[in-house]
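1. quick one: sequence plus predicted model below, questions after.
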Amino acid sequence: MGLTKDYLRYVHVGACNAVGSANGCVVAIDGATCAVAACDNVNIYNLRTAEKVAHLDNEKKTVTAIKMCAAKKYLAIGYNDGSLRLYDRTAEDQGSFVSLIGHRSGVNCIAFSNDGLTVATGGKDSTIVIWDIVAETGIVRLNGHKDSITHLQFTQNDRFLVSSSKDTYVKMWNVESHSCFYTVSDHRSEVYSFALLKHDSLLVTASAELELLVFDVHWIGGGKKQSADPSDPSSKKQKTDEMVEMRPEEKDDLANRFVRVSLRGRLLRQSSGRALQLCVSADERLMLCLGSGQVIDIFRIYTDDETAKRVTKKLRKAKRKANDSSSSTAPTAEDVAQDVTTKIGRIGEYRALKDKVKWADFAPLATEGSIVARKDVEDEEGEEEEGKGEGGKERGDIGGEKKKEEKYTYTAFVLCKSNTVQQVAITVDLETNETRSESVANLDKLGHREDIRSLAVSSNNAAYASGGGSQVIIWSLRSLKPLNTLREIGMDDVTAVIFATGDNHVVVGTKSGSLFLFVLGSAECIEVKRSAHESAIWQIGPTPDRKGFVTCSADKTVKFWSYQLIEEGPKKRLSIRETRVLSVPDEALCVAISPDGKFLLVGLLNSTVSVYFTDTLKFFLSLYGHSLPVTSVTVSPDSKLAVSGSADKTIKIWGLDFGDCHKSFHAHDEPVSCVLFSPSDEEMLVWSAGKDGKIKQWDAVKRDRVQVLANHTAEVRAIARNGEGTVMLSASHDRSIRCWELTEEIIVLEEEEAIEREEQFDAKFLDEDDVVAGETRVQTGEDPEKSAIATMAAAKNKQSIASTEQICEAVEIARKERGAEQEEDYQPHPLIRAIGSASLNHFLVDVVSRVQPSNLERALVMVPFGFVPDLLEAFAFAVKKHYKLELATRVALYLLRIHHTHVINSPILLPIVDGLRKQMPEGIATVRHVYGVNLAALKMLQKEYEEQQEERLFDESAILNPKLAKKKRAKTRKAIVKAVTN
C-alpha cells in the first residue's frame, strides 16, 4: 500500500456583511427589533443601536421564508431544501428548535393559525403542508395548485386556509376535511400576495397587473358547516334564502356551502413592476403594497362608520353633478356603495432612495401622536378635496370651527435589495388622510451596498479590507465587525484593494482607472491618482519586498508603483509614485509576481498568460491553452509552479521553467473567478473559486481535489488569506463575506469520495415516491385537480430513512434474542441494555418512540410488511400493559390502515387485531381519567398561585421579555414548591 498524504480541513466559523438577502424577508419582533433572512442565517437586529443582537444559523441551507406567530412565541424559518424550523422564544435554550421536512423544494411562505398551535407552509413544489406544532407532526399535504405557492393565511377561527399561487388562482381550503371548496379565478397573471380585511369580509389580491383586485367575501352562516339532513326545516329555509340572494352566475356553485366571493373593484397602484407583497398593520388601518421598484404604496382601510360617511359624501356629490348636467338618472346609495374606494383607498407612498424594496413588515403596535387643532378647509363646492378621505367638514358646520384630529405613527421595517434594512415611520392623519413617511434608522453601516470585488488581509492578521461599490470597509478579523468605512468623492466602482506596508494605509483601485491612498487612523484620503490608468484597474498585487505594488488595467498596461515618504508641513506622510510601465498585447485582467521576485505573470483577454522577467520586463513565456479569457493567476511559494483560472471553467497548472502545462482541471460548473496558492512550501495546495458558488482546494503536485467549501449561494467574487494560511476569506454575490479556519481534522480523500457517492445515492433514493395504501399519488405531468387532494404531510428525508433502518434492525435483533433467551449463558444485546428495556416487546416500543414525531409516519410507511407482525405484537403488549399507551395506539392503528389488505388475509394477525379491539378502549379510558385528575390538580395549583401572587401564572408577555423571564421562572418555582408542600 502506497503512502498517503494527510490534509487538514477548513471549517466555516462566521459570516458578515450580509444584512439581508436580496430575495429574503423581514419580520418585526417589536418596535425596534426585527429578524432578517441573510443567506443561511436569520439575523436579529436592534435598529435603535444599529447592531446585531442575535442570529440563528443553519449551514448550507438558504433561508427562504420567515414568520412569527401572533403571540410572538414561535419563530418559523423555511429553507430552500423544503425544511422548516420552529424556535420557541419562551424556551430557556433559545437555540433549540423543532425540524419539520415536508417539501421537496424551497419553502415560499409560512402562516400560523390564530391560536399558534398550527402552522402551514407553501412550497415551490406547488403543495401546502399543515403541521401540528404541539405534536410536532404533519397533519396533511394539500395538492391542487399547479405552480409555486406565494402566500397563505388562516381565516374564520382557523377552520379555513386561503392560498395564492403563481398559477393565477386563489384557493380556499377546509382544514378539517382537507378539501378545496372554492377557487378565485379572476386573475390573468400570477398572484403574489393577498390580504383578508375587515373580519375576513374583504379580499385584496396582488398580481403582476398594475391594479389590485378587491373582492367581497360573504361567509355563509359565519363559515359554519351547513346541515346535510334534507328533512331539517332550518336547513331548507336557509338554503332557500341563499338561493334568492344568489346571482345567476353563482347558482352553478351549489356544492360550496361556505362562502360567496364576488369582484368588487380594482385599485390602481403607483409602484412599478409586479406587486410582490401586501402588508397590513395590526389594527388593519394601513396596508402597504410593495412592487419591484423603489415605491411603496400606502393604502387606508376604512372602518364601517368611515365607509358610511364616505358613501354619504360621494352620493351627495354625485347628485349635485347629476343636477348640474341635467341627467335623468340619479345615482342611488347602492351604486355609490359599490365603489371600492369607500372601503379602501390610496393615501400616499414611501420612496426608498436608490434602493429597490423587497419586503416589509409592520411593528406590532402603532403609537398615537399628539392631539392638534386644525381648521377645516373646503373646496369651491363646499366638499372635501379628492383623496382627502372622510376628514372634510360636513355642510352646515360653522366655517373655521376647529376640530381635534388624531395622528398615528406606524413603524415598518423595510428590507431593500441593496443589503440594508430601513426603519420607516409612517405618520397618518386619520381626519385628512395626510401621510408623512420617512426613514428614521437603517443598517447601512453593517455592510456594503453593492457587490464586493476585492479582499485583502493585513500582515498582522488583525483586520481585513473589502472593497465594492463606492466604499471600502475595514473589518476586525477576530469579531468580523466593521471598524471603519473609507469613502471619497469620485471613488466609484472599487475593483481592487490592498494594505500598504505597515498596515496603516490602504490603496484602492477603481474602474475609472484611479488610485486612492487612505490612512486608516483617520479614514482620510491623503492622495489621489486620477489618471493612474486610462481604463479600469482590475487588480493590485503587492511586490515580494512589500516596498510597492503593481497594477494591471484594461488599457493594456501594467504599472509598477513604489511607496515613498514625502514632507507635508512639519510631518512626513506616505505617498505612491509610478516607477515603471509595461505594455502588454491585450487587456490585462490579472497580475501576479513570483515570491522570489523573478517573474511577472499577466493574464490577458486573449486567453493567454504572459510571463516577463521582473527586473528587465523582457518577455519570457506565453502560457496558452485556455479557450476563454484568463480571470486569475497565482504562483506557488517556491516560484516553480503557476496556476491560472479562466472563464472556460478550468484551472491549469503550469511549470515556470519551460511553460509546460502539468495538469488541467474542469474545476467548476461556471467560470472560474479567482485562484490562490496556500503559503506552505511543503504542500502545494491551491484554492479556486467560481461563479457556481463553490470554493475548491487542489493538490498541485498530486493533482487531486482535496475539499469543497459550498456555503455560498451565489458566485464567489474574491478570496484572500492571512500570511500563515490558517484563515481564509471569501466574498460572494450573495453579499456575504465568510471566514474559514484551518482545523486539526484530517481529510482522507477516499472517505470523502465515498461520502460524496453516498450523498448522490441518497439524493436519487429521496426522489422515489413511496406507495401508500389508499392514497392516489399526483403523477408527473398530471393535473393535480384529477389526483388526490390530500396526501401524507411529511416528505421522505434522510432522517426518516435512518429511522426505518433502525426499526427494521430492532425487529431483527428481537427475533435473534427470542431464539437465544433459552440458552444458559444468555446475555442481552448491547442495544437492549443501552436503552434499558424490560423485555423484547418493550425494546421494540422504545425504539419506535425514539423516532422523531414528524418522521414517524413516513418511517412506518417504508417498513416492509415482513416486519409488521412483530411490531403489532409488541404494540398489542404495550396496550395491554398500558406502556406508552398513546404512542402504541397511534402506531398500531396506522400500521393496520396502511397494511389493511394483508392484515385481514393473515390468520396469524387476526388474534392480535382482535385483542387490540378489546383492549384499546379500556386503556384509553384509563389514561383519559388519569389525565383528567392531573389536569384538575394543576388547575387548583394554578388558582392558588394566582391568588397568592396576584398575577397570572402563564403570562406570555412577561415570558417573552428577556429581562423578566429569568426572575419570573425563579419566582414561579418557589411559589409552586410552596403550594405543593402546604
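-> Thanks, I have it.

2. please count neighbours and contacts with C-alpha atoms only from this point.
-> Noted.

3. low-scoring stretches of this structure, by residue?
-> Counting by pLDDT under 70, the ranges of the chain that qualify are 1-5, 222-255, 326-330, 366-405, 767-788, 953-982.

4. got the domain ranges for it?
-> Per the record, the chain has its domains at 144-225+255-272, 304-342, 796-938, 951-981, by automatic domain parsing.

5. tell me which of those domains sits nearest to W561.
-> Between W561 and these, the tightest spacing by CA to CA is seen for domain 144-225+255-272, at 48.3 Å.

6. ends of the closest one, how far apart?
-> 31 Å (CA to CA, to the nearest Å).

7. tell me the SS of S639?
-> Under DSSP: H, G, I helix; E, B strand; the rest coil, S639 falls in the coil class.

8. how close does it get to V550?
-> According to CA to CA, S639 and V550 sit 18 Å apart.

9. these two: which has the busier surroundings?
-> V550 (22 against 19; other CA atoms under 10 Å).

10. report the beta-bridge partners for the more buried one.
-> Taking DSSP bridges as the rule, V550 bridges to G541, F560.

11. please enumerate the helices of the stretch 101-250 of the chain.
-> Assigned by DSSP state H, counting those that start in this stretch, the helices in the stretch 101-250 of the chain fall at 233-245.

12. please apply the same query to the stretch 551-700 of the chain.
-> For the stretch 551-700 of the chain, applying DSSP H, counting those that start in this stretch gives no helices.

13. all strands for it, in order.
-> Counting by DSSP state E, counting those that start in this stretch, the stretch 551-700 of the chain has strands at residues 557-568, 571-583, 588-593, 599-604, 608-613, 619-624, 630-635, 641-646, 650-655, 661-666, 672-677, 685-690, 695-699.

14. mean neighbour count and distance to P911 added to those strands, as a markdown table?
-> Output for the strands of the stretch 551-700 of the chain, formatted as a markdown table (neighbours: other CA atoms under 10 Å; distance: least, CA to CA, whole Å):
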| stretch | mean neighbour count | distance to P911 |
| --- | --- | --- |
| strand 557-568 | 16 | 89 |
| strand 571-583 | 14 | 93 |
| strand 588-593 | 26 | 79 |
| strand 599-604 | 26 | 80 |
| strand 608-613 | 21 | 81 |
| strand 619-624 | 18 | 80 |
| strand 630-635 | 27 | 74 |
| strand 641-646 | 27 | 71 |
| strand 650-655 | 22 | 67 |
| strand 661-666 | 15 | 64 |
| strand 672-677 | 26 | 67 |
| strand 685-690 | 26 | 64 |
| strand 695-699 | 20 | 61 |
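
15. any chance of those strands in TSV, plus distance to K529?
-> As requested, those are exported to TSV (distance: least, CA to CA, whole Å):
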stretch	distance to K529
strand 557-568	11
strand 571-583	9
strand 588-593	19
strand 599-604	22
strand 608-613	26
strand 619-624	28
strand 630-635	25
strand 641-646	30
strand 650-655	34
strand 661-666	39
strand 672-677	27
strand 685-690	31
strand 695-699	34
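
16. out of those strands, nearest to V184?
-> Of all the strands of the stretch 551-700 of the chain, it is strand 685-690 that lies closest to V184, at 45.0 Å by CA to CA.

17. what sits up against that closest one?
-> Residues from elsewhere that reach strand 685-690 (CA atoms under 8 Å, 6 or more residues apart in numbering): 643, 645, 649, 651, 667-678, 695-700, 715-719.

18. mind listing what that strand pairs with, with the direction of each?
-> strand 672-677 (antiparallel), strand 695-699 (antiparallel).

19. among the strands of the stretch 551-700 of the chain, which comes closest to S479?
-> Closest approach to S479 among those is made by strand 695-699 (22.8 Å; CA to CA).

20. tell me what angle that closest one forms with strand 661-666.
-> 150 degrees (axes from the mean of the first three to the mean of the last three CA atoms, to 10 degrees).

21. gap between the following helix or strand past strand 695-699 and the chain center?
-> For strand 695-699, the following helix or strand on the C-terminal side (DSSP states H and E) is strand 704-709. Chain-centre distance of strand 704-709: 28 Å, with CA atoms, centre = their mean, to the nearest Å.

22. in strand 704-709, what counts as buried?
-> 705-709 (16 or more other CA atoms under 10 Å).

23. got CSV for the strands paired with strand 685-690, with distance to K481 too?
-> CSV is the format used below for these (distance: least, CA to CA, whole Å):
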stretch, distance to K481
strand 672-677, 25
strand 695-699, 23
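
24. among the ones you listed, which comes closest to S113?
-> strand 695-699 (41.9 Å).

25. run the angle between that closest one and strand 704-709 for me.
-> Strand 695-699 and strand 704-709 are oriented at 160 degrees to each other (the same axes, to 10 degrees).

26. need the contact partners of strand 695-699.
-> 667, 683-689, 704-710, 716.

27. how about the residues you listed, which pair is most distant?
-> E683 and V716 (24.3 Å).

28. look at the two and report which has more neighbours.
-> Taking other CA under 10 Å, E683 and V716 do not tie; V716 has more neighbours (28 against 17).

29. which helix is the longest one in the protein?
-> Using DSSP state H, we find that the single longest helix of the chain is helix 909-949.

30. what's that one packed up against?
-> Helices and strands touching helix 909-949, by 3 or more CA pairs under 8 Å, 6 or more residues apart in numbering; DSSP states H and E, are helix 868-881, helix 885-898, helix 900-904, helix 962-981.

31. make it 7 Å
-> helix 868-881 (3 or more CA pairs under 7 Å, 6 or more residues apart in numbering; DSSP states H and E).

32. for the helix it packs on, packing partners?
-> When contacts are defined as 3+ CA pairs under 7 Å, 6+ apart, helix 868-881 packs onto helix 840-849, helix 885-898, helix 909-949.

33. among these, which is nearest K52?
-> Ranking the helices and strands packed on helix 868-881 by their distance to K52 (criterion: CA to CA) puts helix 909-949 first, at 36.6 Å.

34. now the closest one and helix 885-898, what's the angle there?
-> Using the same axes, to 10 degrees, helix 909-949 lies at 140 degrees relative to helix 885-898.

35. going forward can the numbers begin at 11, since that is how I track them
-> Done: numbering now begins at 11, and the last item shifts to helix 919-959.

36. chain center to helix 919-959, what's the gap?
-> Mean C-alpha position of helix 919-959 versus that of the full chain (CA atoms, centre = their mean) differs by 41 Å.

37. returning to that earlier point: closest to W369 among the contacts of strand 705-709?
-> Comparing the contacts of strand 705-709 against W369 with CA to CA picks out V726 as the nearest, at 25.2 Å.

38. fine by me, we can end here.
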